[in-house]
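> could you work out the structure for the sequence below:
(one chain, ligands or ions: 1)
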Amino acid sequence: MKTKKVLIIEDEVSISDIIKFNLLKEGYEIETAYNGEEGLKKALNLNFDLVLLDIMLPHIDGFQVCRKIRESSNVPIIMLTAKEEEVDKVLGLELGADDYITKPFGMRELIARIKANIRRTEFSSDSNDSHSKITNYGNITIDMTKYEVRKNEKPLELTLREFELLKYLAEQENQVFSREQLLEEVWGYEYYGDIRTVDVTIRRLREKVEDDPGEPKYIMTKRGIGYYFRRP
Ligand code: CA
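Now for the predicted structure:
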């Protein structure tokens, strides 16, 4: 297996060092940046399998770095947030981050997230078709094993969470799920609390999947209850 390269953009040297130490031990190749400009430059010029991005950075903050990276790259981005930055998590997701993790976090949790987010890109770059499980829903095709979604044959650029949410709903079409259920099933227990995360991800998903996100044909709202997927 090819060594995975992770970029850590974090201005607090002690945090950066401890993440670096633990990821090196896990066999990752590490590059570090201690401010937004340096991080952005490295993210855009070197090839990474994943970017860990702190929000509070000097000069250019993590949100701007995230937005700039997304203009030209689909590399998985995990944002590092502090506890008091609850609102910021949602903003991070809106700007295209794949995931976020709240400080202080355990290394085991961080490494699990890194692995899950890298897995998405591995599946989608795997050209071996023999294990594909493809399901058609109208103009939308979901390849459950390759983490790939196509609309009218054109691949859609979804983040890991967007893909997992779409997959979860599509596999159980017409079944309505509450935000709390989706948070628990798609994000996992560590996300308890913020149901706005579900709404933001649904909105982003509609922008990519639907012809008219204001009049969805696939990802439906059941008023007062939650969301469901249907074939148009
Ligand atoms: Ca910081």
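
> nearest residue to the middle of the protein?
Central residue of the chain (C-alpha atoms, centre = their mean): D98, 1.8 Å from the mean position.

> got the contact list for the residue nearest to G138 when sequence neighbours are not counted?
Nearest non-adjacent residue to G138, counting by C-beta to C-beta, 6 or more residues apart in numbering: P232, 4.7 Å away. (Each C-beta comes from the backbone N, C-alpha and C, glycine too.) Going by C-beta atoms under 8 Å, 6 or more residues apart in numbering, P232 touches 138-139, 217-218.

> ok, G92 next?
By C-beta under 8 Å, 6+ apart, the contact list for G92 reads 55, 62-63, 66, 79, 81, 100.

> one step back: can you pick the most crowded of the contacts of P232?
Within the contacts of P232, Y218 tops the neighbour count with 23 neighbours, counted by other C-beta atoms under 10 Å.

> dump the residue contacts of the residue nearest to the centre of the chain.
D98 makes contact with 76-78, 117, 120, 159-161 under the criterion C-beta under 8 Å, 6+ apart.

> of the contacts of G92, which is the nearest to the ion?
Closest approach to the ion among those (C-beta to the ion): I55, at 7.1 Å.

> compute the number of surrounding residues for the closest one.
Applying other C-beta under 10 Å, I find that I55 has 22 neighbouring residues.

> V75 now?
Number of residues near V75 (other C-beta under 10 Å) recorded here: 20.

> secondary structure class for R206?
Here R206 is recorded as helix under DSSP: H, G, I helix; E, B strand; the rest coil.

> wouldn't it be in contact with E215 here?
No: at 9.7 Å, R206 does not count as touching E215 under the criterion of C-beta atoms under 8 Å.

> who's more crowded, the two?
Taking neighbours as other C-beta under 10 Å, R206 and E215 compare with R206 leading, 19 against 8.

> for that one, which non-adjacent residue is closest in space?
Counting by C-beta to C-beta, 6+ apart, the residue nearest R206 is P213, at 4.1 Å.

> hmm, back to that, for the residue nearest to the centre of the chain, give me the pLDDT.
With respect to pLDDT, D98 scores 82.

> residue contacts, the nearest residue to it once chain neighbours are set aside?
Leaving out its chain neighbours, the residue that sits closest to D98 by C-beta to C-beta, 6+ apart is T159, at 4.2 Å. By C-beta under 8 Å, 6+ apart, the residues touching T159 are 76, 96-99, 120, 204.

> any idea which of those residues is closest to the ion?
A97 (15.4 Å).

> that closest one in helix, strand or coil?
Assignment for A97 (three-state DSSP): coil.
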